[in-house]
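Participant: Pasting the sequence and the predicted model now:
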Amino acid sequence: MQKIYTCKDLSLTHSAMVQLRKDGKLNLGINDELTAKLATENKQGPKTSANLAFHFWSWVGFAGLAYTVYLSFADSWWWFIIGLLGISVIHKANKKGNSENYLDAAMTDPEFYERIRGLNGWLYQVEEEFYEKELSSGNALDS
């Protein structure tokens, strides 16, 4: 049975995490809310364009909402409802896409991985039996 562990439960170096992921013994995860928060902080994000994409799509969502508010006054009142639905869809997709961008960056950028590990931000999905045998006692790969 697979279980999710946090950085407090399991401390893996970047090279150990990459090796376990290549071997199919680990899935890396991160909370969508955390990535949205990190995207607003300049020093925490990866060295990719992930934060730029997050901000771009946030502006697209808010511009769409503003336009539908205008249409609700200028045309029909129900445009506002469409705007609310649209921004909620864009916001959820934006947070999910940002998390995926952060996970991709963690595989190639050791500094970024270690920064988020220091914040206890990573989630590790591992077989419970493998964790008990190999990882809980600190026997993780360190190469």
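Facilitator: On my side now, so go ahead. Numbering: from 1, shown residues only.

Participant: starting at the chain centroid, how far to the helix or strand where V18 lies?
Facilitator: In the assignment (DSSP states H and E), V18 maps to helix 14-22. On the basis of C-alpha atoms, centre = their mean, to the nearest Å, helix 14-22 sits 18 Å off its chain's mean C-alpha point.

Participant: so where do the strands sit in this structure?
Facilitator: Along the chain, counting by DSSP state E, strands occupy 2-6, 26-30, 122-127.

Participant: List the buried residues in the last one.
Facilitator: It stands for strand 122-127. By 16 or more other C-beta atoms under 10 Å, the buried positions in strand 122-127 come out as W122, L123, Y124, V126. In this view, the C-beta of every residue, glycine as well, is placed from N, C-alpha and C.

Participant: So for I90, which of the strands of the chain sits nearest?
Facilitator: Smallest distance to I90 across the strands of the chain (C-beta to C-beta): 20.1 Å, for strand 26-30.

Participant: What pairs with that closest one, parallel or antiparallel?
Facilitator: Strand 26-30 sits in its sheet next to strand 122-127 (antiparallel), going by DSSP bridges.

Participant: The partner strand relative to strand 2-6, how many degrees between them?
Facilitator: On the basis of axes from the mean of the first three to the mean of the last three C-alpha atoms, to 10 degrees, strand 122-127 is oriented at 150 degrees to strand 2-6.

Participant: picking that back up, remind me what the helix holding V18 packs against, helices and strands.
Facilitator: Applying 3 or more C-beta pairs under 8 Å, 6 or more residues apart in numbering; DSSP states H and E, one finds that helix 14-22 makes contact with strand 26-30, helix 79-108, helix 110-118.

Participant: Next, the angle from that helix to strand 26-30.
Facilitator: 120 degrees.

Participant: What residues sit buried inside helix 14-22?
Facilitator: By 16+ other C-beta under 10 Å, the buried positions in helix 14-22 come out as H14, A16, M17, V18, Q19, L20, R21.

Participant: Including distance to S72 and pLDDT, could the residues you listed go into JSON lines?
Facilitator: Shown next, in JSON lines, are the buried residues of helix 14-22 (distance: C-beta to C-beta, whole Å; pLDDT from 0 to 100):
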{"residue": "H14", "distance to S72": "50", "pLDDT": "93"}
{"residue": "A16", "distance to S72": "54", "pLDDT": "91"}
{"residue": "M17", "distance to S72": "49", "pLDDT": "92"}
{"residue": "V18", "distance to S72": "50", "pLDDT": "92"}
{"residue": "Q19", "distance to S72": "55", "pLDDT": "92"}
{"residue": "L20", "distance to S72": "52", "pLDDT": "92"}
{"residue": "R21", "distance to S72": "48", "pLDDT": "92"}
